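Enquirer: dropping the sequence and predicted coords here.
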Amino acid sequence: MCVVYLLLRLAGFLALRRNTSLLLLTLVLAGTGERLWLGFAPKYLETLGAGVFIIGLFDGLQTLLGAVYAYPGGWLTDRWGQRRSLLCFAGLSVVGYAIILFWHHWLALLLGAFLFLAWSTLSLPATFTVIATSLKAHQYTMGVGVQSLVRRVPMMLGPLVGGWLVTHFGWDRGIHYALLGCIGLGISAAVFLSFLANPESQGSPGNAGGPAPGVVSVVKSFSPALRELLVSDILIRFCERIPYAFVILWAMDHGGVNAQQFGILVTIEMVTAMLCYIPVARLADKYGRRPFVLITFIFFTLFPLSLLGAANFTWLAVAFAIRGLKEFGEPARKALIIGEASPALRSRTYGAYYLIRDCVVTTGSFLGAWLWSISPQANFIGAAICGALGTLWFWRFIRL
């Protein structure tokens, strides 16, 4: 009885419910599959003959689809419910992996991205909605924190396994084995999603009594706090996106690490992030979320600067630890979005927020490719300037 009581208390502390627990399990399965190979995609594109601007285009496509898919993902979640929409997104991602597996060309990655990114992009509003409908308002940050913690498990394990596959089997066979793992894990995730309880199966409140509001109406419903957060978030995501696709090139071509060592660097990043989530989520729910978001934005800014002097594994490990610390207040930022969203337009509010943010930030990938063609140093300094502007904007907002 004592053990059961302790487990129940732990579940309550971590904001675990039936739906959130099933969601966490599917996030591990689908996320591990994605991370088996996606972090190595820029280098894989290079081995397939793609140039720097094709690599930038692939990175930009990830951001653009994250934007374009966000609102339809929210709309489908409101219309179909959580379970049905998530199953659809998981199925699309499996088809995308299959395209890349059977077509050995860099163009396959560009075309397959429209499908294999369905899970990570279309499902985001649905995962937020699962938290919002399963938990009380004072548990939002903890719910997002546990979800973020669990998301980092595949981000840690995937690159380790993927790096081992590439190191031992080469880029061609190694990536293909990783894609087979993606397909198997994606199918397993869909099986567990089928057990998800769907509280919205009767329709979303936003649909009652008239036609569903369009994206313009949803954006107009944004609170002033949500709009201020969106502006600062856009600037910070420029800081992240400008060097994003080129970090692996810097680490392997300038830092002298191999694919397996790069996987270890990503593990350092993920472990650092995971150590922050639960204690920070608890403190943010108790004392307020905005100061923790500000600290997060500072670490976003410091990461590209830390890469400037990282010319060996040791200094790269320091840089990746700083990159992990940029997740310090991410649960608090997402909880701010959840808290500011209207319950009647919840999924579509998340979708519209990410639609605007990522549509703008998509240009950061092309800006990053242009800056990289000048020099890696220009890329990193440009990213840090964007991060500093975003941090100052948010600091001004919380000072008002």
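Expert: The structure has been received and is ready for your questions. Numbering: from 1, shown residues only.

Enquirer: how about low-confidence regions in the stretch 151-300 of the chain?
Expert: For the stretch 151-300 of the chain, the stretches flagged by pLDDT under 70 are 196-213.

Enquirer: mind listing the helices for it?
Expert: 215-220, 224-244, 247-249, 259-287, 290-307 (DSSP state H, counting those that start in this stretch).

Enquirer: then the stretch 1-150 of the chain?
Expert: 2-13, 18-35, 41-47, 52-80, 82-102, 106-116, 118-134, 140-193.

Enquirer: out of those helices, which one sits most buried?
Expert: Stretch with highest mean neighbour count among these: helix 118-134 (a mean of 25; mean count of other Cβ atoms under 10 Å). In this view, the C-beta of every residue, glycine as well, is placed from N, C-alpha and C.

Enquirer: per-residue confidence at the closest residue to Y71 other than its chain neighbours?
Expert: In space, and not counting its chain neighbours, Y71 is closest to G351: 3.7 Å by Cβ to Cβ, 6 or more residues apart in numbering. Looking at G351, its pLDDT stands at 77.

Enquirer: contacting residues around G351?
Expert: Contact analysis of G351 by Cβ atoms under 8 Å, 6 or more residues apart in numbering lists 70-75, 125, 218.

Enquirer: one more pass at 6 Å, please.
Expert: Counting by Cβ atoms under 6 Å, 6 or more residues apart in numbering, G351 touches 70-71, 73-74, 125.

Enquirer: from those residues, which is closest to A384?
Expert: A70 (26.7 Å; Cβ to Cβ).

Enquirer: so how far is A108 from the closest one?
Expert: Distance check for A70 against A108: by Cβ to Cβ, to the nearest Å, it reads 24 Å.

Enquirer: what do you get for S347?
Expert: 31 Å.

Enquirer: hang on, the earlier thing: secondary structure element for the residue nearest to Y71?
Expert: Applying DSSP states H and E as the criterion places G351 in helix 346-374.

Enquirer: and the next helix or strand past that helix?
Expert: Taking DSSP H and E, what comes next after helix 346-374 is helix 376-399.

Enquirer: so which bits of that next one are buried?
Expert: Residues 376, 379-380, 382-384, 386-391, 393-394, 397 are the ones in helix 376-399 that count as buried (16 or more other Cβ atoms under 10 Å).

Enquirer: now for it, which elements pack on it?
Expert: Packing partners of helix 376-399 (3 or more Cβ pairs under 6 Å, 6 or more residues apart in numbering; DSSP states H and E): helix 224-244, helix 290-307, helix 346-374.

Enquirer: how far out from the middle of the chain is that helix?
Expert: Helix 376-399 sits 20 Å away from the centroid of its parent chain (Cα atoms, centre = their mean, to the nearest Å).

Enquirer: what does it contact?
Expert: Contacts for helix 376-399 (Cβ under 6 Å, 6+ apart): 228, 231-232, 235-236, 238-239, 242-243, 250, 290, 294, 297-298, 300-301, 304-305, 307-308, 368, 371-372.

Enquirer: now list the buried members of these.
Expert: By neighbour count, with 16+ other Cβ under 10 Å, the contacts of helix 376-399 hold 228, 231-232, 235-236, 238-239, 242-243, 250, 290, 294, 297-298, 300-301, 304-305, 307, 368, 371-372 as buried.

Enquirer: R289 touches E330, doesn't it?
Expert: No. Here R289 lies out of contact with E330, judged by Cβ atoms under 6 Å, at a distance of 10.8 Å.

Enquirer: re earlier: look up how far S306 lies from the residue nearest to Y71.
Expert: Distance, G351 to S306, using Cβ to Cβ: 33 Å.

Enquirer: how about S306: what's its closest non-neighbour residue?
Expert: A319 (4.0 Å).

Enquirer: mean confidence score for the helix or strand harbouring that neighbour?
Expert: Secondary structure from DSSP H and E places A319 in helix 313-325. Averaging pLDDT along helix 313-325 gives 94.

Enquirer: next: stretch 29-47.
Expert: Rounded mean pLDDT across stretch 29-47 is 86.

Enquirer: quick check: the gap between M155 and L101.
Expert: Distance, M155 to L101, by Cβ to Cβ: 22 Å.

Enquirer: who are the contact partners of V218?
Expert: 345, 348-349, 352.

Enquirer: what about it, distance to K43?
Expert: 39 Å.

Enquirer: against G33, how distant is the most centrally placed residue in the chain?
Expert: In the chain, the centroid-proximal residue (Cα atoms, centre = their mean) is S120; its distance is 7.0 Å. With distances taken as Cβ to Cβ, S120 is found 11 Å from G33.

Enquirer: over to G49?
Expert: With Cβ to Cβ as the criterion, G49 and G33 are 26 Å apart.

Enquirer: got it, and G382?
Expert: 33 Å.

Enquirer: equivalent analysis for I242, please.
Expert: 27 Å.

Enquirer: now swap in E46 and tell me
Expert: Using Cβ to Cβ, E46 is found at 23 Å from G33.

Enquirer: now swap in A369 and tell me
Expert: 27 Å.

Enquirer: how about I374?
Expert: For I374 relative to G33 (Cβ to Cβ), the value is 36 Å.

Enquirer: D78 too?
Expert: Applying Cβ to Cβ, the value for D78 to G33 is 27 Å.

Enquirer: likewise G181?
Expert: 6 Å.

Enquirer: try H176
Expert: 14 Å.

Enquirer: could you dump the helices of the stretch 1-150 of the chain to CSV with distance to D358?
Expert: Below are the helices of the stretch 1-150 of the chain laid out as CSV (distance: least, Cβ to Cβ, whole Å):
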stretch, distance to D358
helix 2-13, 33
helix 18-35, 17
helix 41-47, 18
helix 52-80, 3
helix 82-102, 17
helix 106-116, 14
helix 118-134, 9
helix 140-193, 18
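
Enquirer: among the ones you listed, which comes closest to G214?
Expert: G214 lies closest, by Cβ to Cβ, to one member of the helices of the stretch 1-150 of the chain: helix 52-80, at 9.7 Å.
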